[in-house]
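*Asks:* Pasting a predicted model and its sequence here:
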Amino acid sequence: MPCHALKLLRGLILAGIAGCLFSLVYPSRLGLLMGWAAFLSIATVQPDFLCFPWDCLLLEMGALALLLPTGPGIFQLISQGSPFAFSGK
């Protein structure tokens, strides 16, 4: 694999990670869109990447998640004392 292809692959992986972290912190669809687009581009270019059946389901659920309404971010849940947040006790 050429050097520029490895750099592109690393960039796509970092974009997916950044999108996931962004969607956890800020309640917006931008982070979900970044992660979904990175995963879709890897899956489109390398079809052997989709060797497991749940990979297609991840793409479908990612597209459906873009249509759902956004909720509060993880820091808002922790500051409100949500029962789903870690209490640290």
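*Replies:* Received the coordinates, thanks.
*Asks:* Could you list every helix and strand in contact with the strand or helix carrying Met61?
*Replies:* Met61 belongs to helix 53-67 when assigned by DSSP states H and E. Counting contacts by 3 or more CB pairs under 8 Å, 6 or more residues apart in numbering; DSSP states H and E, helix 53-67 is packed against helix 29-45. The C-beta positions use only the backbone N, C-alpha and C, and glycine is treated the same way.
*Asks:* and the helix it packs on, which residues are buried?
*Replies:* Going by neighbour count (16 or more other CB atoms under 10 Å), the buried part of helix 29-45 is Gly31, Leu32, Leu33, Met34, Gly35, Trp36, Ala38, Phe39, Ile42, Ala43.
*Asks:* how about the CA coordinates for it, as CSV?
*Replies:* Listed in CSV are the C-alpha atoms of helix 29-45, where the atom choice follows Å, rounded to 0.1, in the frame of the first residue of the first chain:
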residue,chain,number,x,y,z
ARG,A,29,-25.5,15.7,14.1
LEU,A,30,-22.2,17.0,12.8
GLY,A,31,-20.2,14.4,14.7
LEU,A,32,-22.4,11.6,13.7
LEU,A,33,-22.2,12.7,10.1
MET,A,34,-18.4,12.8,10.3
GLY,A,35,-18.2,9.3,11.7
TRP,A,36,-20.7,7.9,9.3
ALA,A,37,-19.0,9.4,6.3
ALA,A,38,-15.6,8.1,7.4
PHE,A,39,-17.0,4.6,7.8
LEU,A,40,-18.9,4.8,4.5
SER,A,41,-15.8,5.9,2.6
ILE,A,42,-13.7,3.1,4.0
ALA,A,43,-16.5,0.5,3.3
THR,A,44,-17.0,1.8,-0.3
VAL,A,45,-13.3,1.9,-1.3
